[in-house]
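Trainee: What follows is a predicted structure for the sequence shown.
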Amino acid sequence: MITIEINGKKLEVEEGTTIIKACEQVGITIPTLCYHPLIEPYAACRVCVVEVIQLGVPKIMTSCNTLAENRMIVNTESEEVLKTRRMNVELLMAQAPAAEPVQKLARDLGIERTRFSIRKPDEKCILCGLCVRACEQIVGANILGFKYRGVEREVTTAFDETSEKCIACGACAYFCPTEAIMMKDLFDRKIIHDELYLGPAKAIRVPTMAPIPNVPIIDKDNCIHFKTGECKICERVCEPEAVNYEMLEEEVELQVGTIILATGYELYDCKKIPQYGYGNLPNVITSLEFEHLCHASGPTGGQILLESGEEPQNIGIIHCVGSRDKKFMEYCSKICCMYALKFSHLVHEKTKAHVYDFYIDMRSGGKGYEDFYRRMLEEGVTFIRGRAAEVSNVAFSPEEETKLIIRCEDTLAGVIRRIPVDMVILCPAIVAKKDAQEVAKIFGLGCGNDGFFREQHPKLGPVSTLTDGLFIAGACQGPKDIPESIAQGAGAAAAALSLGEEMVLEPIYAVVDEELCSGCKVCIGLCPYDAITFDKEKKVSKVNEMLCKGCGVCVAACGSGANYQKNFRDQQIFAEIDGTMISL
């Protein structure tokens, strides 16, 4: 540790600490533009100057790259420091007059205008080189560099052309202190709706909300280090040194007593319904894409914007896209009406747009749901009862130009209507996961006609299955909203814990009489629970009592009469009949 004095205050700092960091320890903020803790200090902007006194000799030095030395005296607000700082800010004003951070520094220092000639009135770049050094030292892409000298100097790519080596990581824009660099779409669009996805856009992140264990993961497809071999910022800032780039994915086998399946759902592919224009017309998006657009961590910071970057004036929300339709999915997706109402509220909260809600029947069944529906009526949402026929961009009148037109039948008014809007939000059907049949086969489950897992009983066993120790929860069983999924998840967990260390079997299950079995294996292929195997030594079939559910398929199919259900043999049934007849 060494002792220094800053503005008359003595303090101890670790040897090798820069003056700017030492000032931070005593709460003194030194203005700077080019300093960033993740990049080696370079003192390009020269705004962070301070007065350093050693052996009685004062010097003006930059604080971001000057190391503190023992018994050093530092003044951050002396007249000479302020004079030098004003001069440097005036030079930056001449170089980048449109940069807001430079203008703020000038206002803080009392500078009204620069004494130097302004070269480009709309220039924001202060030539600090943070973008160049980030691209070279952190990303390792080496795309950016300086061109020319003196007042003509500027930052550019090789030959002023786009490069295939650019991985569009955004590091240059992130480190730029004046917003002189911005990520731009090649087609001059601000938001590309069909590229939206749910979740944060960072390469290192926690995979889901409140995960167990609560440990971040690295997305190798988006991580700069795995693309260029450089960066490693997360490793540098991680104090526990927990980041390991050499770690490989591995599969771990666990022996468990119970299993809860909660595989979730998917949304119906709206491209299979071409009349709504999804994938062909701009600003036609799905509910999940709109959800991400509204989220604070989304690409617009929660703003609702069109692909052009403008705010919509009219928005149409179409219910039952693929639901309640014999051509697609016959069942109701259950949650669409309420999240469509939530979208209407978000639109009114974030924009001045008017909302048109196209519905077949408003199914707001739930605690407080009907009240929320009435609230949306009071907020001015226009509800149109009738399935939307199509979405097109073919204008029949001047007010329809550059608009999306929703053509529908208003069943309450008995007319065909054309509604021009700026954005269309589709509410797709909730469908089972694509691999639901494969998962069901692995765990010995059944799937209904709708593709969702079949429960033991819709009322008496909603979380249980026909396989003991296996439970289901959430939307893998059928469409559900969040409260219902949480309740069913808690029920499945309670059911799993209630089994204890021993499992109680039903007294009815199939048994094979080895003396009568011919080894034909017919019963093995017919068993829906894979409970029957073949004993190669004895050449007879054998029933696993833990898997058998006593359905009787094998008993009915056995040609030799070797298969029977326990406690249901012929002589037992005849004895029951005799006992019944005697009692009568």
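Mentor: Sure thing, it's come through. Only a predicted model underlies this, so the values are computations on that prediction, with no experimental measurement involved.
Trainee: So, low pLDDT: which residues of the stretch 1-150 of the chain?
Mentor: For the stretch 1-150 of the chain, applying pLDDT under 70 flags no range at all.
Trainee: Helices along that one, start to end?
Mentor: All helices of the stretch 1-150 of the chain, identified by DSSP state H, counting those that start in this stretch, fall at 19-25, 79-95, 100-108, 130-133.
Trainee: Please state the offset of the last one from the chain centre?
Mentor: In terms of CA atoms, centre = their mean, to the nearest Å, the gap separating the centre of helix 130-133 from the centre of its chain is 30 Å.
Trainee: Name the surrounding residues that touch that helix.
Mentor: Helix 130-133 is contacted from outside by 34, 36, 39-40, 42, 44, 144-146, 155, 171-173, 175-177, 181, using CB atoms under 8 Å, 6 or more residues apart in numbering. (C-beta placed from N, C-alpha, C; glycine too.)
Trainee: Return the alpha-carbon coordinates of stretch 429-436 using CSV.
Mentor: This file holds the C-alpha atoms of stretch 429-436, laid out as CSV (Å, rounded to 0.1, in the frame of the first residue of the first chain):
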residue,chain,number,x,y,z
ALA,A,429,-53.1,-21.9,-31.3
ILE,A,430,-51.3,-23.7,-28.5
VAL,A,431,-50.1,-27.1,-29.8
ALA,A,432,-48.2,-30.0,-28.4
LYS,A,433,-44.5,-30.2,-28.7
LYS,A,434,-43.2,-31.8,-31.9
ASP,A,435,-41.5,-34.7,-30.0
ALA,A,436,-44.5,-35.4,-27.7
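Trainee: what comes up buried for it?
Mentor: By neighbour count with 16 or more other CB atoms under 10 Å, stretch 429-436 contains the buried residues 429, 430, 431, 432, 433, 436.
Trainee: State the distance from the third one to residue 275.
Mentor: As defined by CB to CB, to the nearest Å, residue 431 lies at a distance of 19 Å from residue 275.
Trainee: Ok, the fourth one next?
Mentor: As defined by CB to CB, residue 432 lies at a distance of 24 Å from residue 275.
Trainee: which residues of the stretch 51-200 of the chain fall in strands?
Mentor: Secondary structure of the stretch 51-200 of the chain (DSSP state E, counting those that start in this stretch): strands at 57-62, 73-75, 144-147, 154-157.
Trainee: Export the helices of the stretch 1-150 of the chain to a markdown table and append columns for mean neighbour count and distance to residue 224.
Mentor: Formatted as a markdown table, these follow (neighbours: other CB atoms under 10 Å; distance: least, CB to CB, whole Å):
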| stretch | mean neighbour count | distance to residue 224 |
| --- | --- | --- |
| helix 19-25 | 20 | 26 |
| helix 79-95 | 18 | 30 |
| helix 100-108 | 16 | 26 |
| helix 130-133 | 22 | 15 |
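Trainee: mind checking how far residue 167 is from residue 231?
Mentor: 11 Å.
Trainee: the more surrounded of those two?
Mentor: Between residue 167 and residue 231, counting by other CB atoms under 10 Å, residue 231 is the more crowded of the two (23 against 16).
Trainee: residue contacts, that one?
Mentor: 138, 139, 140, 223, 224, 225.
Trainee: can you tell me the helix or strand for it?
Mentor: Assignment of secondary structure by DSSP states H and E places residue 231 within no helix or strand.
Trainee: Grab the nearest non-local neighbour of it.
Mentor: Nearest residue to residue 231 in three dimensions, chain neighbours excluded: residue 224, at 4.1 Å (CB to CB, 6 or more residues apart in numbering).
Trainee: Okay, residue 351 and residue 310: tell me how far apart.
Mentor: Here residue 351 is placed at a distance of 11 Å from residue 310 (CB to CB).
Trainee: What separation do you get for residue 91 and residue 102?
Mentor: Applying CB to CB to residue 91 and residue 102 gives a distance of 10 Å.
Trainee: ok, how many other residues are close to residue 310?
Mentor: When neighbours are counted by other CB under 10 Å, residue 310 comes out with 11.
Trainee: pLDDT score for it?
Mentor: Model confidence at residue 310, given as pLDDT, is 89.
Trainee: Please report the distance of it from residue 282.
Mentor: Taking CB to CB, one finds residue 310 at 12 Å from residue 282.
Trainee: give the contact list for residue 22.
Mentor: Contacts for residue 22 (CB under 8 Å, 6+ apart) come out as 4, 6, 11, 13, 68, 74.
Trainee: ok, the fifth one - contacts?
Mentor: This points to residue 68. Taking CB under 8 Å, 6+ apart, one finds 2, 4, 13, 15, 17, 18, 19, 22, 74 in contact with residue 68.
Trainee: do that again at 10 Å, thanks
Mentor: 2-4, 6, 11, 13-23, 52, 74 (CB atoms under 10 Å, 6 or more residues apart in numbering).
Trainee: Just the buried ones from those residues?
Mentor: 2, 4, 6, 13, 17-23, 52, 74.
Trainee: of all the residues you listed, which two lie farthest apart?
Mentor: The span of those, defined through CB to CB, is set by 2 and 20 at 15.9 Å.
Trainee: which residue sits farthest out from the middle of this protein?
Mentor: For the chain, the residue at maximal distance from the C-alpha centroid (CA atoms, centre = their mean) is residue 582, at 71.1 Å.
Trainee: What mean pLDDT does the helix or strand harbouring that one get?
Mentor: In this assignment (DSSP H and E), residue 582 forms part of helix 570-583. For helix 570-583, mean pLDDT rounds to 82.
Trainee: and if you look at stretch 239-250?
Mentor: In this model, stretch 239-250 has a mean pLDDT of 87.
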